[in-house]
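Asks: Fold the following, please.
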Amino acid sequence: MIDVKFIRENPEKIKEICRKRNMECDVDRFNEEDLKFRKAKLKNDELNALKNRLNGKENAEKIKNIKKEIKENAEKMKDADEKRKKIWYKMPNLLSEKVPYGITDKDNAEIFRTEIKYPEFIPEMHDEIGKKLGILDMKKGAQVAGKGFYYWKGAGAILMQALINYGINFLIQKNFIPMFTPIMTIKDTLFGTGYHPFFEEESYKIENEKLYLIGTSEQTLIAYHMNETLREKDMPKLYTAYTPCFRTEAGAYGKENRGAFRVHQFNKVEQIAFTVPEESEKYHMMFLENVKEFIDSLRIPYRIVNVCSGDLGAPAYLKYDVEAWFPGFGDFRETHSASNMWDYQARRMNIKYLKNNKLIYPHTVNSTLVTDRLLLAIIENYQKKDGNIEIPEVLHTYTGGLKIIKQC
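Replies: Purely as a prediction, here's the structure:
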């Protein structure tokens with residue numbers, strides 16, 4: 001959430017941020033309820049101080065009346081607090097000056113692009129290739145679990161596992177602490193990371209339980225320090241995890257969903273950092289450089305876009321998307337996102353660190369490193385005219401010597 005003091009002092013700034021993000025937010029109503037809350041709290045502080053000064057039987061009736069007034073005032077304070085929080089919790093993050101204005105992903109600003117080498121044959125899409133090679137089975141996935149689920153088979157499963165292992169090792173060498181996290185979590189985690197209420201419809205709720213399936217290990221890695229006070233000398237904290245992830249894709253209506261690109265379950269390796277405020281931009285760019293280095297090692301063409309205000313999502317302060325080239329599809333498609341969340345998540349999670357005897361909210365940074373989408377990009381970019389797929393050289397160590405996937 002945003003610092004309440006900043007909202008009080010900069011209501012027009014918050015309104016402008018909401019306008020740029022194409023979001024509704026009643027800032028004036030928030031300030032009205034916030035003022036009621038503060039007045040009621042101040043009154044109760046004064047009444048409590050007065051009550052504490054009174055003693056003796058001669059003041060019994062006066063103390064009784066003060067207690068009654070305190071109780072009535074506490075109800076007013078609670079009502080105002082609930083109303084202001086209802087608005088406060090739905091306010092988006094602040095916006096970096098680097099964020100371009102726009103409404104949809106069509107307005108994202110390209111800032112980098114590698115060279116594309118076009119094949120001398122008509123390339124196929126990953127679902128066609130996967131079916132012919134027997135490595136990706138969408139049909140059986142739909143039979144077993146419904147649309148949006150699939151099987152990686154044989155060499156496909158080997159390649160997916162190789163990509164995950166390569167990703168984890170890549171980050172361990174950069175001093176990330178690896179973790180296996182829960183794949184279910186409580187609502188507080190989803191609220192704290194900003195996924196609820198903004199993307200609540202994308203979460204899978206476990207029936208008759210107070211649990212949800214995670215949509216990314218970002219949620220459980222950030223929540224690892226929920227309600228904690230960290231030490232400045234331990235910053236930054238760098239974490240990575242591989243998890244299966246689950247999303248309803250409720251907001252994906254009308255988008256291209258052929259094959260395994262937009263699905264309900266997928267694999268993901270994540271990068272997470274807790275940083276001091278002065279260094280969050282540095283680590284945001286470091287995470288983006290990690291992604292570039294990783295994709296470069298796989299020799300896949302890609303571009304980077306600065307995500308516009310309307311496509312940014314409420315919790316992010318600044319976000320870059322990396323879009324790999326899919327020759328079968330004939331366009332760039334998002335495979336990675338790298339976001340600086342500022343202190344938005346730390347405030348919602350009540351995570352602080354101690355500096356010179358003062359409690360400060362750290363900044364959090366996150367980025368994708370591996371998902372199934374990256375494997376789909378490998379399949380489309382490494383297809384050959386004869387229908388086979390070459391495996392990127394950097395993955396040979398992780399595939400047990402498998403270098404090419406041939407048609408049966």
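
Asks: P92 contacts E24, correct?
Replies: No: contact criterion Cβ atoms under 8 Å: P92 and E24 do not qualify, at 10.5 Å. C-beta here means a position set from N, CA and C on the backbone, and glycine is covered the same way.

Asks: what's the overlap in contacts for those two?
Replies: Between them, P92 and E24 share these contacting residues under Cβ atoms under 8 Å, 6 or more residues apart in numbering: C18.

Asks: Neighbour count: these two, which is higher?
Replies: The neighbour count for P92 versus E24, taken as other Cβ atoms under 10 Å, is higher for P92 (24 against 8).

Asks: Return the residues in contact with the residue nearest to Y212 when sequence neighbours are not counted.
Replies: Distance criterion Cβ to Cβ, 6 or more residues apart in numbering; nearest residue to Y212, sequence neighbours excluded, is S203 at 4.8 Å. Neighbouring residues of S203 by Cβ under 8 Å, 6+ apart: 190, 195-196, 212-213, 215, 247-248.

Asks: Just the pLDDT at S203, thanks.
Replies: As predicted, S203 sits at a pLDDT of 96.

Asks: So what sits opposite D331 in the bridge?
Replies: For D331, the beta-bridge partners under DSSP bridges are F326.

Asks: And the pLDDT at the spatially closest residue to R303 that is not a sequence neighbour?
Replies: Nearest residue to R303 in three dimensions, chain neighbours excluded: R113, at 4.1 Å (Cβ to Cβ, 6+ apart). Among the per-residue scores, R113 holds a pLDDT of 97.

Asks: Equivalent analysis for L402, please.
Replies: pLDDT at L402 comes out at 96.

Asks: so it sits in a strand?
Replies: No: assignment of L402 by DSSP: H, G, I helix; E, B strand; the rest coil gives coil, placing it outside any strand.

Asks: you'd agree it is up against Q161?
Replies: No: counting by Cβ under 8 Å, L402 sits too far from Q161 to count as a contact (11.2 Å).

Asks: what's the closest of the contacts of S203 to A40?
Replies: Nearest to A40, judged by Cβ to Cβ, of the contacts of S203 is H196 at 28.2 Å.

Asks: mind checking how far M286 is from K20?
Replies: 27 Å (Cβ to Cβ, to the nearest Å).

Asks: With I122 instead?
Replies: Using Cβ to Cβ, we find I122 at a distance of 42 Å from K20.

Asks: the more surrounded of the two?
Replies: K20 (19 against 8).

Asks: May I see the buried residues of stretch 321-336?
Replies: 321-329, 332-336 (16 or more other Cβ atoms under 10 Å).

Asks: next one: stretch 290-303
Replies: Neighbour-count burial for stretch 290-303 flags 290-292, 294-295, 298, 300-303 (criterion: 16+ other Cβ under 10 Å).

Asks: export those residues to JSON lines and tack on secondary structure?
Replies: Shown next, in JSON lines, are these (three-state DSSP):
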{"residue": "N290", "secondary structure": "helix"}
{"residue": "V291", "secondary structure": "helix"}
{"residue": "K292", "secondary structure": "helix"}
{"residue": "F294", "secondary structure": "helix"}
{"residue": "I295", "secondary structure": "helix"}
{"residue": "L298", "secondary structure": "helix"}
{"residue": "I300", "secondary structure": "coil"}
{"residue": "P301", "secondary structure": "coil"}
{"residue": "Y302", "secondary structure": "strand"}
{"residue": "R303", "secondary structure": "strand"}
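
Asks: ok, these vs W88, which is closest?
Replies: V291 (33.2 Å).

Asks: all helices of the chain, in order?
Replies: Shown for the chain, the helices assigned by DSSP state H span residues 4-9, 11-20, 27-53, 60-88, 126-133, 138-145, 155-172, 187-192, 217-223, 280-298, 344-349, 372-381.

Asks: For the protein, which residues score under the pLDDT cut-off?
Replies: Applying pLDDT under 70 to the chain flags residues 250-256.

Asks: Closest to the centroid, which residue in it?
Replies: When Cα atoms, centre = their mean is applied to the chain, the residue found nearest the centroid is E218 (6.0 Å).

Asks: Tell me which residues touch that residue, please.
Replies: 193, 270, 272, 366.

Asks: F176 too?
Replies: 238-240, 271.

Asks: how is the protein carved up into domains?
Replies: Split into domains by automatic domain parsing, the chain comes to 4-88, 105-405.

Asks: and the end-to-end length of the first one?
Replies: By Cα to Cα, to the nearest Å, the extent of domain 4-88 from end to end equals 8 Å.

Asks: Please name the bridge partners of the nearest residue to I360 once chain neighbours are set aside.
Replies: Nearest residue to I360, sequence neighbours excluded (Cβ to Cβ, 6+ apart): Y353, at 5.8 Å. Note on Y353: beta-bridge partners L230, I360, judged by DSSP bridges.

Asks: Next up, the contacts around Y353.
Replies: By Cβ under 8 Å, 6+ apart, Y353 lies in contact with 229-232, 235, 274, 276, 359-360, 362.

Asks: And for I172?
Replies: 178, 240 are the contacts of I172 under Cβ under 8 Å, 6+ apart.

Asks: measure it to N165 for me?
Replies: Computed as Cβ to Cβ, the I172 to N165 distance reads 11 Å.

Asks: do D234 as well
Replies: According to Cβ to Cβ, D234 and N165 sit 28 Å apart.

Asks: In the stretch 201-350 of the chain, mark out all the strands, start to finish.
Replies: Taking DSSP state E, counting those that start in this stretch as the test, the strands found in the stretch 201-350 of the chain are 204-205, 212-213, 229-231, 237-246, 265-275, 302-306, 318-326, 331-340.

Asks: what's the last one packed up against?
Replies: With contacts defined as 3 or more Cβ pairs under 8 Å, 6 or more residues apart in numbering; DSSP states H and E, strand 331-340 has these neighbours: helix 280-298, strand 302-306, strand 318-326, strand 363-371, helix 372-381.

Asks: Only alpha carbons, please: show the third one as PDB.
Replies: Once side chains and other backbone atoms are set aside, the C-alpha atoms of strand 318-326 remain, and they are given as PDB (Å, rounded to 0.1, in the frame of the first residue of the first chain):
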ATOM      1  CA  LEU A 318       8.000   0.000 -12.800                       C
ATOM      2  CA  LYS A 319       8.000  -3.100 -15.000                       C
ATOM      3  CA  TYR A 320       9.900  -4.400 -18.100                       C
ATOM      4  CA  ASP A 321       8.500  -7.300 -20.100                       C
ATOM      5  CA  VAL A 322      10.900  -9.500 -22.100                       C
ATOM      6  CA  GLU A 323       9.200 -11.000 -25.200                       C
ATOM      7  CA  ALA A 324      10.800 -13.900 -27.000                       C
ATOM      8  CA  TRP A 325      10.500 -14.300 -30.800                       C
ATOM      9  CA  PHE A 326       8.200 -17.100 -31.900                       C
END
